[in-house]
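Peer 1: Compute the structure for the input listed below.
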Amino acid sequence: MANAKTGGVGARPTGGELTSFPPLRKTGTAAELTESAGYRRSTIRALQEEAKHEHQDSLMSEWRKLTTKRAKKSFEQLLEELADMGFSWRDIGRMLRVSVPQFESGVKVKALPVKAVFSGVASCRL
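Peer 2: Model prediction:
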């Protein structure tokens with residue numbers, strides 16, 4: 001099996017080898033073979049679900065960490081960061097539910113949902 005350095009089949013992001021099941025039995029009754037295949041599928045499904053939840057939890061943790069870090073920045077710095085990521089003022093205005101003229105003039109800037117901006121910037125950096 002190839003590893004992550006070669007990028008081949010069986011590569012894992014951590015660089016380790018994937019563990020595989022022993023080869024399927026080719027002999028036995030149809031019921032035994034069906035039961036064996038069903039067991040494998042159930043095991044793989046459970047592992048997949050566990051990995052999915054671990055991945056979601058780690059992403060949420062990282063998102064919270066980045067949001068907290070961004071909360072220490074000024075609103076203007078966050079707007080600049082979003083603009084540096086390629087968001088137009090129109091896009092940013094839409095995210096904040098403010099019209100572009102209001103946004104550009106700063107009429108509603110003080111009343112904008114700043115936490116939403118922190119979260120948005122953090123999400124873009126994941």
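Peer 1: For the rest of this, base every contact and every neighbour count on C-alpha atoms.
Peer 2: OK.
Peer 1: Now do Glu76: how many residues are near it, please.
Peer 2: Number of residues near Glu76 (other Cα atoms under 10 Å) recorded here: 10.
Peer 1: Then the one 3 residues further on?
Peer 2: Leu79 is surrounded by 17 other residues when neighbours are defined as other Cα under 10 Å.
Peer 1: Ok, Leu78 next?
Peer 2: Quick note: Leu78 (other Cα under 10 Å) scores 19 neighbours.
Peer 1: so which strand or helix has it?
Peer 2: In this assignment (DSSP states H and E), Leu78 forms part of helix 75-84.
Peer 1: Pull out the buried positions in the host helix or strand of Asp91.
Peer 2: Applying DSSP H and E as the criterion places Asp91 in helix 89-95. Judged by neighbour count (16 or more other Cα atoms under 10 Å), helix 89-95 contains these buried residues: 89, 92-93.
Peer 1: pLDDT and distance to Ile44 for those residues - can I get that in JSON lines?
Peer 2: Output for the buried residues of helix 89-95, formatted as JSON lines (pLDDT from 0 to 100; distance: Cα to Cα, whole Å):
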{"residue": "Trp89", "pLDDT": "81", "distance to Ile44": "46"}
{"residue": "Ile92", "pLDDT": "79", "distance to Ile44": "42"}
{"residue": "Gly93", "pLDDT": "79", "distance to Ile44": "45"}
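Peer 1: Return the closest of these with respect to Lys52.
Peer 2: Nearest to Lys52 among the buried residues of helix 89-95: Ile92, at 31.0 Å, using Cα to Cα.
Peer 1: Now do the same contact list for that closest one.
Peer 2: Going by Cα atoms under 8 Å, 6 or more residues apart in numbering, Ile92 touches 79, 82.
Peer 1: State the pLDDT value of Met60.
Peer 2: pLDDT recorded at Met60 is 90.
Peer 1: Point me to the helix or strand that includes it.
Peer 2: helix 30-70.
Peer 1: Show me what that helix is packed against.
Peer 2: helix 114-124 (3 or more Cα pairs under 8 Å, 6 or more residues apart in numbering; DSSP states H and E).
Peer 1: quick check: mean pLDDT across the helix it packs on?
Peer 2: Here the average pLDDT along helix 114-124 is 69.
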